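K.L.:
structure for this input, please:
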Amino acid sequence: MPRVPVTSRRTMYEQHSSEIEVLLITITHSLLAEPIRLSSDPTERLSIEPLEYATISRGDTFKFVEMAAILPDDQKGVPPRTAIAFENIDSAYVDLARSFIEPATAMLEVVYASAPDYVTQRYTRLRTTKVSGTETGIVFDLSRIHLQTEPFGARQTKAFFPGLHGIANA
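P.N.:
Numbers count the residues shown, from 1 in each chain. As a prediction, the model looks like this:
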């Protein structure tokens, strides 16, 4: 179970809070020169022409895009999964996502707009399992690799594990 700071819990349980939770998404892939960083909140205006907003967290700029997200669930025996839908985005992002042959990796972080450098929740090592979309929107299905699908026994040879094969030297 993730640790939630006292200030975050207080904000969650308040009936009316002025705090705004912001979802920061970092997408990495071998085809990308640098990670794509996206934000769910227009925290700061970057420019007027073209109109751009972003959230600056820990020195990185996360560009604002309209999105809908379902945060990862913690069901027993099932790897966490989520779906993120991006709307009204540049068609270059859609073309890039469609060109991926191997899965991209994503990290989701939750921060408050008033304190974007302090991460309250973090979900790491999520991989794209499905990508679908239109010319102006895209949906990423993300999940962790389940332990049962991980290769097992590939490196359990005598050279790597002599004790396992009964030839350990005392």
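
K.L.:
which strand residues bridge residue 121?
P.N.:
Per DSSP bridges, the residues bridged to residue 121 are residue 110.

K.L.:
same question, residue 66
P.N.:
Applying DSSP bridges to residue 66 gives these bridge partners: residue 87.

K.L.:
residues in contact with it?
P.N.:
Counting by CB atoms under 8 Å, 6 or more residues apart in numbering, residue 66 touches 86-89. In short, each C-beta sits where N, CA and C put it, glycine included.

K.L.:
hang on, residue 68 in a strand?
P.N.:
Yes: the assignment for residue 68 by DSSP: H, G, I helix; E, B strand; the rest coil puts it in a strand.

K.L.:
excluding chain neighbours, what is closest to it?
P.N.:
Of all residues not flanking residue 68 in the chain, residue 85 sits nearest, at 4.7 Å (CB to CB, 6 or more residues apart in numbering).

K.L.:
got the contact list for the one you found?
P.N.:
Contact partners of residue 85, counting by CB under 8 Å, 6+ apart, are 67-69, 137-139.

K.L.:
I'd like the mean pLDDT over whichever strand or helix holds residue 98, please.
P.N.:
Using DSSP states H and E, residue 98 falls within helix 91-99. Helix 91-99 comes out with an average pLDDT of 75.

K.L.:
hang on, the earlier thing: what is the most widely separated pair among the contacts of residue 66?
P.N.:
86 and 88 (8.1 Å; CB to CB).

K.L.:
more crowded one of those two?
P.N.:
Counted by other CB atoms under 10 Å, residue 86 and residue 88 do not tie: residue 86 has more neighbours, with 21 against 9.
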